[in-house]
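>>> Quick check, what structure comes out for this input:
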Amino acid sequence: MAESILMNIDSPSDLRKLPHEKLPELAAELRKFIIDIVASKEGHLGASLGVIELTIALHYIFNTPEDLLVWDVGHQAYGHKILTGRRDIFHTNRQLNGLSGFPKREESEFDTFGVGHSSTSISAALGMALASNLKGEFQKQHIAIIGDASIASGMAFEGLNHAGVTNANLLVVLNDNAIGIDPSVGALKQYLTRAKVGQKPSQDNIIQALNFKYFGPVDGHDIPGLLKTFEELKKIKGPKFLHVITRKGKGLQKAEEDQVKYHAPGKFAPDTGELLPYNTDGLPLKYQDVFGLTLVELAEKNKKIIGITPAMPTGSSLKFMMDAFPDRAFDVGIAEQHAVTLAAGMATRGFTVFCAIYSTFLQRAYDQVIHDVALQKLPVIFCLDRAGLVGEDGATHHGVFDIAYLRCIPNLIIAAPSNEVELRNLIYTAQLNLTAPLVIRYPRGRGVVLDWKQEFKAVELGKGEKLKDGTKLAVISIGSICSNVNVAIESLGFSEEIAHYDAKFVKPLDERMLHEIFDIFDKIITVEDGVISGGFGTAVLEFASINHYHAQMKCLGIPDIFIEHGNVLELQEIAKIDVLSISNAIKDLLK
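Next comes the predicted model:
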């Protein structure tokens, strides 16, 4: 049996000792190594398989880490991690205390910039290049690797626009595989497709118009061709742009055939790519699917309903509406700011607009939420998927800040259903006669109710609910963390002493309910799956202070740290919002 090449590579300096002719063999080993581990450990698969040859060529030609590689998003950086000294611990990827699923500065000197959200690579690499000029390091190379979906984002264009009027030693490598998580959309995609099929857009080359020297398209799986191209590009100063054509999922037939599913496929058979059976019988539906199916059900009767998502039709389940009503559902690509203001524009024309967006991604459109929606009191409905702790994607993806960053905005209503039936009823209520913008936040993953498709009931906005009577202590929960509170209370031998209230709304607070709670109880706990600082518990504390209540209070939620990656139960334990921690907090306060 031939000796493994990959097992002898502990850094790019080892890689650069290999003869050129050995690199295709290394590519095959690296591809198999990723497939074998992700098959059992799970993670992002297709993107990394598509850039194996590109990754090898970059580290072979450029003198990393002295030359600086900046990966966009980081879905495609598994090969990079393995070649830069993390091969033997790659099996810990995305697990508690293991490797991050994305490039991370604390993890390796080869991870020059921490990423997780898209379209940051060009600005970051340009910043590094301009800084190198100021330090007199004119030979240092700065390379941004960005996908065709990410480059369509406004921030990427801002970086390109600036770079074109500098003398920065910057190389932008466009990894063009015509797909992000879902297929890429928009006019830029059409432009790149024309370039791919040989219609060289030299006369109206958008990249050249931005003062970049344009090269390509080149085959991203042709190692000799890539090596030759990168050697030539090293000698050219100033902003450069290389258009590389790759295939997402390259080397695993199933991943090539179904690129959406194999972006992050879960467990699968490494030799065939067949997904391992996962029995969903008897399990509740995912919150995202309840949203998507409910929207279609309502849209069948209400012709004013429109759906918008920034590049997440599958992840948000807006795909159901895109299939049923293609003229009334829009994937705008990785463009959160545009998605929000587009929704605002449609709302001015009398449409009921549901903007489905992950909590962590709405952060990128904060200005638009304030200026374009809330200030004008436009009744846009923001459906914030992945609110709370999301698990293995880690710090960049946890939706834990939305309550704190949204509740200070005037005119905004913020709701957090505790289960799928409440989610369904909020969506129903939102399309009736909404007169102000509404945020509905709900978690990633499966719900807690099997019989979710119940007859619609209108929700009274700003009204909470008492779920359980008690005599000594009240717990007020917001959102789906309600289920942890229920279990925690029932686990106590004195559950009759504990009252439980579901706030349902962060804004407006149900002040009548809060007055009732503070009049009865002098020990109160709030529980949320968002940050404590500025969150729901803080809102209750503010209410208590304004109204001169003096109860003993404890706020449970995400502490003032960035929570890293791990499964949700592990992360809830770290944040002390798991069942046992809630039980202990109740016992401690009663002491």
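>>> Kindly state the domain boundaries assigned to this protein.
Here the domain parsing of the chain from automatic domain parsing is 50-250, 287-441, 465-590.
>>> Now do the longest one, average pLDDT.
This points to domain 50-250. Averaged over domain 50-250, pLDDT sits at 92.
>>> what do you get for the shortest one?
Here the mean pLDDT over domain 465-590 is 97, rounded to a whole number.
>>> Burial check on residue 162, number of neighbours?
Using other C-beta atoms under 10 Å, residue 162 has 17 other residues around it. Backbone N, C-alpha and C define where each C-beta goes, glycine included.
>>> do residue 389 as well
By other C-beta under 10 Å, 27 other residues sit near residue 389.
>>> That one touches residue 529, doesn't it?
Yes. In this structure residue 389 lies within contact range of residue 529 using C-beta atoms under 8 Å: 6.1 Å.
>>> Touching both of those two, which residues are there?
400, 558, 572, 575 (C-beta atoms under 8 Å, 6 or more residues apart in numbering).
>>> Would you point out the most distant pair within those residues?
400 and 572 (11.6 Å; C-beta to C-beta).
>>> overlap in contacts of those two?
Residues touching both residue 400 and residue 572 comprise 389, 529, with contact defined as C-beta under 8 Å, 6+ apart.
>>> Tell me which of the two has more neighbours.
Set residue 400 next to residue 572 and count neighbours by other C-beta under 10 Å: residue 400 wins out with 26 against 23.
>>> Quick one, grab the pLDDT at that one.
You'll see residue 400 listed with a pLDDT of 98.
>>> 21 is where my numbering starts, stick with that
I'll keep to 21 as the first residue from here, and by that count the last item is residue 420.
>>> Can you name the residues that contact it?
Going by C-beta under 8 Å, 6+ apart, residue 420 touches 379, 408-409, 549-551, 578, 583.
>>> and the residues you listed, which of them are in helices?
Among the contacts of residue 420, the ones falling in helices (DSSP state H) are residue 379.
>>> from the contacts of residue 420, which two are the most distant?
The farthest-apart pair in those, when distances are taken by C-beta to C-beta, is 379 and 583, at 13.7 Å.
>>> and the nearest residue to residue 511 once chain neighbours are set aside, what is it in contact with?
Distances taken as C-beta to C-beta, 6 or more residues apart in numbering place residue 603 nearest to residue 511, at 5.5 Å, with adjacent residues excluded. Applying C-beta under 8 Å, 6+ apart to residue 603 gives the contacts 508-509, 511-512.
>>> Which of the helices or strands spans residue 603?
helix 599-610 (DSSP states H and E).
>>> okay, that helix in PDB with CA atoms only?
Extracted in PDB, the C-alpha atoms of helix 599-610 (Å, rounded to 0.1, in the frame of the first residue of the first chain):
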ATOM      1  CA  VAL A 599     -33.600  22.300  32.600                       C
ATOM      2  CA  LEU A 600     -31.300  21.500  35.500                       C
ATOM      3  CA  SER A 601     -29.900  25.000  35.700                       C
ATOM      4  CA  ILE A 602     -33.400  26.500  35.700                       C
ATOM      5  CA  SER A 603     -34.400  24.100  38.500                       C
ATOM      6  CA  ASN A 604     -31.300  25.100  40.500                       C
ATOM      7  CA  ALA A 605     -32.000  28.800  40.000                       C
ATOM      8  CA  ILE A 606     -35.600  28.300  41.400                       C
ATOM      9  CA  LYS A 607     -34.300  26.400  44.400                       C
ATOM     10  CA  ASP A 608     -31.600  29.000  45.000                       C
ATOM     11  CA  LEU A 609     -34.000  31.900  44.900                       C
ATOM     12  CA  LEU A 610     -36.400  30.100  47.300                       C
END
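>>> which of the residues in it are buried?
Of the residues in helix 599-610, 599, 601-603, 605-606, 609 count as buried by neighbour count, 16 or more other C-beta atoms under 10 Å.
>>> Kindly report the same for stretch 23-31.
25-26, 29.
>>> Out of the residues you listed, flag the one nearest to residue 490.
Checking these against residue 490 by C-beta to C-beta gives residue 26 as the nearest, at 60.0 Å.
>>> Excluding covalently adjacent residues, which one is nearest to the closest one?
With C-beta to C-beta, 6+ apart as the criterion, residue 26 has its nearest non-adjacent residue at 4.3 Å, and that residue is residue 49.
>>> and the one you found, that one's in a helix?
Yes. Judged by DSSP: H, G, I helix; E, B strand; the rest coil, residue 49 forms part of a helix.
>>> Report how many residues lie close to it.
Residue 49: 18 neighbours (other C-beta under 10 Å).
>>> Name all residues that make contact with residue 177.
Residue 177 is in contact with residue 171, counting by C-beta under 8 Å, 6+ apart.
>>> Residue 389 too?
Residue 389 makes contact with 360, 382, 402, 426, 429, 432, 457, according to C-beta under 8 Å, 6+ apart.
>>> The biggest strand by length in the chain pairs with which strands, parallel or anti?
Using DSSP state E, we find that the single longest strand of the chain is strand 543-551. The pairing partners recorded for strand 543-551 under DSSP bridges are strand 493-497 (parallel), strand 572-578 (parallel).
>>> can you give me the helices in the stretch 321-470 of the chain?
According to DSSP state H, counting those that start in this stretch, the stretch 321-470 of the chain carries its helices in the segments 333-336, 339-344, 356-368, 379-382, 386-388, 422-426, 440-453.
>>> which one of these lies closest to residue 567?
That would be helix 422-426 among those, by C-beta to C-beta, at 20.9 Å.
>>> rewinding a little: how about the domains of the chain in TSV, adding distance to residue 38?
Formatted as TSV, these follow (distance: least, C-beta to C-beta, whole Å):
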stretch	distance to residue 38
domain 70-270	8
domain 307-461	33
domain 485-610	32
